[in-house]
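Asker: Need a 3D model of the sequence below.
(2 chains)
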Amino acid sequence: MRALPRSLQGRLLVLVLGVVTAVWLGAAVLTWRDARHELDELLDGHLAQAAALLVVQQARELEDDRAADAPVLHKYAPKVAFQVFHEGRLALRSPNAPELPMAEAGRRFKAGFRTVEIGGVAWRVFAAHGAERDVQVYVSEQVASRGAILWAVLRSAVWPMLLALPLLALAAWWAIYGGMAPLRRLGRALAERRPQALQPVVLPDAPSEMQPLVAALNGLFERISGLMDAERRFTADAAHELRTPIAAIRAQAQVALGEADAAQRRHALEATLEGCDRATRLVEQMLTLSRLETGAAPSPERLDLGDVARQAAAEAAPRAIAREQVIEVSAGTPCPVMGDATLAGVLVRNLVDNAIRYSPERAKVKLSVSRTDGLVVLTVEDSGPGLAPETAARLGERFFRVVGTGASGSGLGWSIVRRIAQVHGARVNVAASGDLGGLQVAIEWPAAPA
Amino acid sequence: MRILLAEDDPLLGDGLRAGLRQAGFQVDWVRDGGAAERELRAEPYAAAVLDLGLPLKDGMAVLASIRRAGVKTPVLVLTARDAVPDRIRGLDLGADDYVVKPVDLHELAARLRALVRRAHGQPEDRLFALDVVLDPASRTVQRGGVPVTLPAREFDLLHALMLNAGRVLSREQLEQHLYSWGREVDSNAVEVHVHHLRRKLGNALIQTVRGVGYIVPREGMAP
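Answerer: All right, here's what the predicted structure looks like:
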């Protein structure tokens, strides 16, 4: 069961009215207690005073021993009563007073206040006696009459409250509704937006309580907008990158169709196949990158980077040999790291691929894996042309290709390398190779605990 | 007709060059924006195919800069970006046509021919001079309704002269129309071709302006 309504308006209304009612009830209780106390004091005082008057008066007048009833003088009189006993006999009483003393049965006379039940009605009794003669005076008042006065006091306090409550509820509803206006405006502003609209929400008169909400919302819009921009750029770039190999395939196929010369036709057909291979590779690279960027979590396991390097080199060897390049691996000691075996393989393959692709024929490509304090460093270096520092800085931008290499890369390899390194907490360092003179790429991988 | 192809992708460039050669063009191929601009400023190409995503200098920048320099060569922009704002910008910058990859080679050749024709103020694809009709699309020539077979070089030479009917073309200009880079040109090749053309099409068609070059008379000009 829900304690409060779902709407903020209803919730505030319930809370406000609840608190107001509770405060009123508390005030009423306090008023009642206070009034009762004051009333008791006042009426007890009156009883005592009346008793004192009777005592003084009886001492002088009641020489004759006749019991008499005093006349009823006021409509309130039946609720009050008195008795005067002289030497143990009833000398005077009010018409509604009993003949026996208004005291607990069988008790000795005792001066002071007490509450006694007589004939099923509770009476407040004050008993007093004279000092010289044996005169006992009881003055009493129905307790119920005190209750009636109290109730009257309480009623006069509560009635206006009960009448005011609906008015207050209405006023509170109206005030809260007015106070909620900025929230409703925000809701409308958001509802009226087109789904693609990601510009910040501007609410100049938003109250300070709503500023964090609006700021957080705008921050979210900004982040989403950035993500979508990146996504859009990637899609556009990807379409662009795919169109070129497809255009090449088409052009080459058409050339082959129209070519009469057998050697030329063969060249065009081979170029068509090469175009297909390139498009395939591009699509694979794009899928890899897309999977990496949508945050498919790597599943880390213990693996030896030396093994990864040897495997990548073995896979790349035919291509290297085709270009008369020499590829070698030096990985002696075990170099365990925590990582995703597939992704680590993709990373190293990309580096080796780049080295082969961008180095001239008969170049040398060297992979080495070594272990130094807490790090496993995998280095891929080549004897190719290397990179200018400003070019090296742009590596990893999507679809950025180094100009004038004459080779046809996808422009995605570096994005993939950097991304895989990033998800594994590895660092990528690009430098000139000291041994071979070309490019040297070092991946510093945190070593797995022994 | 000699055209410049600016395309950085080796496979696509190779295919376009081969395909345009099949369609009868002489093709010079450059692979970056800097070279494209240099060549377009230096050589009187009949037309150019310009990829927008060129290294060193973006195709749009090349276009803007050659147009500023007053180069009037018709330019066909070849691009993978087909967004309308891109097209509009390309055309505003002085592109004469806009083709999105991948492109059909026959269409590309037809568009190039149309560009060249329009650049020479020709409303129709076929060219007329005296009783000779030249159709660049089918690469055929007729004289008085009878088909005449011409080798490629002779056809190209006649095409250049008929496109520029009424204007004198020098031997060097004709050589530039006929040969792409790296081809050996005999010093008297143009004379030899003109000689053959006169034999097949009559002496009145191509006239010699001594010390300057050759001219094909425009319609209505006295022969």
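
Asker: For chain B, give me its nearest residue in chain A.
Answerer: Chain A approaches chain B most closely through A:Ala251 (3.1 Å), counting by Cβ to the nearest Cβ. C-beta: built from backbone N, CA, C; applies to glycine.

Asker: can you pull the contacts of that residue?
Answerer: Contacts for A:Ala251 (Cβ atoms under 8 Å, 6 or more residues apart in numbering or on different chains) come out as B:Leu12, B:Gly15, B:Leu16, B:Ala18, B:Gly19, B:Pro102, B:Val103, B:Leu105.

Asker: how about the last one, phi and psi?
Answerer: Torsion angles at B:Leu105 (phi, psi; degrees, to the nearest 10) stand at phi -60, psi -40.

Asker: got the residues of the stretch 151-300 of chain A near chain B?
Answerer: Contact residues, the stretch 151-300 of chain A versus chain B (Cβ under 8 Å from any Cβ of the partner chain): A:236, A:239-241, A:243-252, A:254-255, A:258-259, A:264, A:268, A:271, A:274-275, A:278.

Asker: Would you state the helices of chain A in chain order?
Answerer: For chain A, helices defined by DSSP state H occupy the ranges A:8-61, A:143-179, A:181-191, A:211-258, A:262-293, A:305-322, A:341-358, A:389-394, A:413-423.

Asker: In terms of mean pLDDT, which of the ones you listed ranks lowest?
Answerer: For the helices of chain A, the weakest mean pLDDT is recorded on helix A:389-394, namely a mean of 71.

Asker: Buried residues, it. List them.
Answerer: A:Ala392 (16 or more other Cβ atoms under 10 Å in any protein chain shown).

Asker: before we move on, what about stretch B:36-44?
Answerer: Neighbour count says stretch B:36-44 has B:Ala36, B:Glu37, B:Glu39, B:Leu40 buried, by 16+ other Cβ under 10 Å.

Asker: cool, and stretch A:32-45?
Answerer: Buried-residue list, stretch A:32-45, by 16+ other Cβ under 10 Å: A:Trp32, A:Ala35, A:Arg36, A:Leu43.

Asker: do stretch B:65-82 as well
Answerer: Residues of stretch B:65-82 classed as buried: B:Ser65, B:Ile66, B:Val71, B:Thr73, B:Pro74, B:Val75, B:Leu76, B:Val77, B:Leu78, B:Thr79, B:Ala80, B:Arg81 (neighbour count, 16+ other Cβ under 10 Å).

Asker: In TSV: those residues, plus secondary structure and pLDDT.
Answerer: Output for the buried residues of stretch B:65-82, formatted as TSV (DSSP: H, G, I helix; E, B strand; the rest coil; pLDDT from 0 to 100):
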residue	secondary structure	pLDDT
B:Ser65	helix	92
B:Ile66	helix	93
B:Val71	coil	90
B:Thr73	coil	92
B:Pro74	coil	94
B:Val75	strand	94
B:Leu76	strand	94
B:Val77	strand	91
B:Leu78	strand	88
B:Thr79	strand	82
B:Ala80	coil	78
B:Arg81	coil	73
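
Asker: and of those, the nearest to A:Leu289?
Answerer: Lowest distance from A:Leu289 to the buried residues of stretch B:65-82 (Cβ to Cβ) belongs to B:Ala80, with 18.6 Å.

Asker: Surely that closest one touches A:Ala239?
Answerer: Yes. The criterion here is Cβ atoms under 8 Å, and B:Ala80 meets it with A:Ala239 at 6.9 Å.

Asker: so what's B:Gly19 closest to, chain neighbours aside?
Answerer: B:Leu105 (3.7 Å; Cβ to Cβ, 6 or more residues apart in numbering or on different chains).

Asker: so how far is B:Ile88 from that neighbour?
Answerer: As for B:Leu105, its distance to B:Ile88 is 26 Å (criterion: Cβ to Cβ, to the nearest Å).

Asker: For those two, indicate the residue with more neighbours.
Answerer: Higher neighbour count among B:Leu105 and B:Ile88: B:Leu105, with 23 against 11, using other Cβ atoms under 10 Å in any protein chain shown.

Asker: wait, that one sits on B:Leu20?
Answerer: Yes. Using Cβ under 8 Å, B:Leu105 makes contact with B:Leu20 at a distance of 7.3 Å.

Asker: Write out the residues of chain B neighbouring chain A.
Answerer: B:9-12, B:14-16, B:18-19, B:22, B:32, B:53, B:55-56, B:80-81, B:83, B:100-106.

Asker: Just the buried subset of those residues, written out for ChimeraX, thanks.
Answerer: Listed next is the ChimeraX selection for buried residues among the residues of chain B next to chain A, using 16+ other Cβ under 10 Å:
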select /B:9,10,11,12,14,15,16,18,19,22,32,53,56,80,81,100,101,102,103,105
